[in-house]
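A.B. asks: The following comprises the amino acid sequence and a computationally predicted model.
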Amino acid sequence: MHDALNLQELLGDELVERQQSGFDVDMALVEAVRAVSTGPGTPLEEVENLYDQLEQAPVRPGWDYREPTVLEEILAEAPGAGQGEPAAGYEDRVLAAWLGRCAGCNLGKPVEGYGWTRAKLREYLMEANAYPLDDYLPVLDPMPARFTLNPCWEVATRGRVRAMARDDDTDYTMLGLRVLETYGRGYTSADVANEWLRGMPFHMVYTAERVAYRNLVRGLQPPATATVRNPYREWIGALIRADIFGYVSPGDPQAAALLSYQDAALSHTANGVYGEMWAAALVAAAFATSSAKEALQQAARVVPASSRLAESLQSTMATYEDGGSWEDAMASMEKRLDGYHWVHTINNAEVVAAALLWGDGDFARTIGLAVEAGLDTDCTGATAGSVYGALHGPADLPAKWTAPLEDTMHSAIFGFDGTSITGLADRTVELRRNNAS
C-alpha cells in the first residue's frame, strides 16, 4: 500500500492529492486514472502519460486558498509569531518533552492503521473498560474478530511496554538531533538527505519520505525530491519530524519554524511543509507560555493565513472558544475533511490541537484524546505528549507513563538503538547551550 516504487499505485493517490489541492481534473481523466490505478497491470508508458496529464491540470476556478512552498512566499502569507522568555527549568522541560513524546507515541502504536476510527476505538475501549484512556492500551483476551491491533502491540500495550519501541516518530527526532549536531542551525535539505541515506533504512521510512528517498537514490536533489511523483507531499511525515527544532528554540516559535523548513522541504510541499513549521513552533512556544491555548495561538501565526491548514486550526479553536466539546470538534473535522487520508497533515494537526485544548492540563487526557480520535494515532499521541512535556515539565508526567519506558529508546537509525532518553535530552540541552552552531 502506497508503494513508492509502483507508479500505477501512486497514480490514484496523485489524483486525490490534485483534487484536494484545488486542481480542476476533468472527468474523463478522473475515470481513466481510476481504471488504471485499480485495475490489472498497465504498460508503464500509459501510466506515465496519465500522471503527466494530472500534473498539467489547471487550478479550479474559485479556488481561494493561497498555499506557497517557497520559504519567502510562506513568510509573506503568514502573520509571524512573537518571541517569549522561556520558563524556568528548561533542562527538565526538555526531558519531559522527550518522555511525553515517547509515552504518547507508545500509546498510539497498537491502534495505528487497521481501520481504527474514533467510533471503533471507543467501542474497543468501552469493551475493555478503559474509556477514556488513562493508561497504556489494554489488550482484550480473547480478541474479538472485529478488532485487529497493529502487530507492534506485543511491545506497546499495557503491561508489555519495556522501553520506547522503535517508531519513525521517534526515529526522526533522533535523526534531527544528529543533523543539528553535525551541521548546526544552518543545515540544508541536502544535509538531511545525506543523513537519511547514511543512517535510515529505506523500508523504515514511509509515504512521502520513501518517495523522497527513492528520488535521492535516482540522483534527484531537493526540492525536486519532494515533488517528483510524490502524491504524499502534504501528508503527516514532515510534521512528525518537527519537535527537535522546537526543543532547541524555546520561546521562539518563529525561529523554530524557520529551522524546520529545510527538513520539511526535502519531502513535502505546501500544507505538508506548514505542518512541520507549525509543530516546531508549537513545541517552542510551549516552553514560554502558560497554556496550550496560548501556545497554539502563537504556532498558528507561522502558517499561511489563506491555507487549508490555517482554516482547520481556526475551526478547532473556534469550537473551543464557543464552548463546544471535543466530540463537536472531531465531528466537525471529520465532516469538513471527509475523504482526506488518515495520515494527512491537516486532519491530524486538528487532532493534536483539540487534544491539547480539551486535555485541560492533564497528561493522560491529552494523549488519550489524541489517540481516541483515530487517524494517525502514534503521530498525534507523540506530538501532543511532546508539547505537554515542554509546557508542564516532568512533575506532571505520571510515573505509570514514564517508568515503563526504562529510559531507553529503540531505533532503526544507525547508532541510536538502545539510546538513553535522558542522554538524548542532555544532548538537546547542549545543542541549545551552544546555539547548535
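C.D. replies: Happy to help now that I have it.

A.B. asks: what sits against Val205?
C.D. replies: Asp168, Trp196, Tyr213 (C-beta atoms under 8 Å, 6 or more residues apart in numbering). Where C-beta positions appear, they are placed from N, C-alpha and C, glycine not excepted.

A.B. asks: Strands of the protein, start to end?
C.D. replies: Shown for the chain, the strands assigned by DSSP state E span residues 408-409, 419-420.

A.B. asks: Tell me which other helices or strands the last one touches.
C.D. replies: What that stands for is strand 419-420. Counting contacts by 3 or more C-beta pairs under 8 Å, 6 or more residues apart in numbering; DSSP states H and E, strand 419-420 packs against strand 408-409.

A.B. asks: Could you list the low-confidence segments of the protein?
C.D. replies: 1, 436-437 (pLDDT under 70).

A.B. asks: how does it divide up, domain by domain?
C.D. replies: 7-55, 71-107+165-433 (automatic domain parsing).

A.B. asks: Just say which of those domains is most tucked in.
C.D. replies: Each of the domains of the chain was scored by mean neighbour count; the highest is domain 71-107+165-433, a mean of 22, by mean count of other C-beta atoms under 10 Å.

A.B. asks: same for the top helix by length along the chain, what does it pack against?
C.D. replies: For the chain, the longest helix by residue count, based on DSSP state H, is helix 90-108. If contacts are counted by 3+ C-beta pairs under 8 Å, 6+ apart, helix 90-108 sits against helix 168-183, helix 243-247, helix 363-372, helix 377-392, helix 399-402, helix 421-433.

A.B. asks: do you know which of the domains of the chain lies nearest Thr157?
C.D. replies: Closest to Thr157 of those is domain 71-107+165-433 (C-beta to C-beta; 8.8 Å).

A.B. asks: now do the same end-to-end measure for that closest one.
C.D. replies: End-to-end distance of domain 71-107+165-433 (C-alpha to C-alpha, to the nearest Å): 27 Å.

A.B. asks: Next: stretch 401-419.
C.D. replies: 18 Å.

A.B. asks: cool, stretch 215-223 as well?
C.D. replies: End-to-end for stretch 215-223, by C-alpha to C-alpha: 10 Å.

A.B. asks: same question, stretch 283-292
C.D. replies: 10 Å.

A.B. asks: And for stretch 398-409?
C.D. replies: Span of stretch 398-409 from end to end, C-alpha to C-alpha: 19 Å.

A.B. asks: got the contact list for Glu127?
C.D. replies: Glu127 sits next to Leu140, Pro144 when contact means C-beta under 8 Å, 6+ apart.

A.B. asks: quick one, what contacts the closest residue to Trp401 other than its chain neighbours?
C.D. replies: Distances taken as C-beta to C-beta, 6 or more residues apart in numbering place Ala103 nearest to Trp401, at 4.2 Å, with adjacent residues excluded. The contact partners of Ala103, by C-beta under 8 Å, 6+ apart, come to Ile367, Gly381, Gly385, Leu397, Trp401, Thr402, Leu405.

A.B. asks: which ones are touching Gln298?
C.D. replies: Ala81, Gly82, Gly84, Pro253, Ala281, Leu282, Ala285, Thr289.

A.B. asks: Let me know the closest of those to Arg118.
C.D. replies: Leu282 (22.3 Å).

A.B. asks: Let me know the distance separating the spatially closest residue to the closest one that is not a sequence neighbour from Pro79.
C.D. replies: Leaving aside its chain neighbours, Leu282 sits nearest to Ala299 (3.8 Å; criterion: C-beta to C-beta, 6+ apart). The spacing between Ala299 and Pro79, counted by C-beta to C-beta, to the nearest Å, is 11 Å.

A.B. asks: what's the answer for Ala4, then?
C.D. replies: 36 Å.

A.B. asks: hang on, the earlier thing: the domains of the chain into CSV, with extra columns for distance to Ala119?
C.D. replies: Output for the domains of the chain, formatted as CSV (distance: least, C-beta to C-beta, whole Å):
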stretch, distance to Ala119
domain 7-55, 23
domain 71-107+165-433, 8
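
A.B. asks: right, and the ones you listed - which one's nearest Tyr114?
C.D. replies: So among these, domain 71-107+165-433 is nearest, using C-beta to C-beta, at 10.3 Å.

A.B. asks: these two touch, right, Leu405 and Ala156?
C.D. replies: No. Here Leu405 does not reach Ala156: they are 11.0 Å apart, not a contact under C-beta atoms under 8 Å.

A.B. asks: list residues touching both of the two?
C.D. replies: Common neighbours of Leu405 and Ala156 (C-beta under 8 Å, 6+ apart) are Asn106.

A.B. asks: give me every residue that touches the closest residue to Ile367 other than its chain neighbours.
C.D. replies: The spatially closest residue to Ile367, leaving aside those adjacent along the chain, is Gly104, at 4.0 Å (C-beta to C-beta, 6+ apart). Gly104 makes contact with Ile367, Ala370, Val371, Asp378, Thr380, Gly381, Ala382, Thr383, Ala384, Gly385, Ser386, Tyr388 under the criterion C-beta under 8 Å, 6+ apart.

A.B. asks: Alright, that wraps it up for me.
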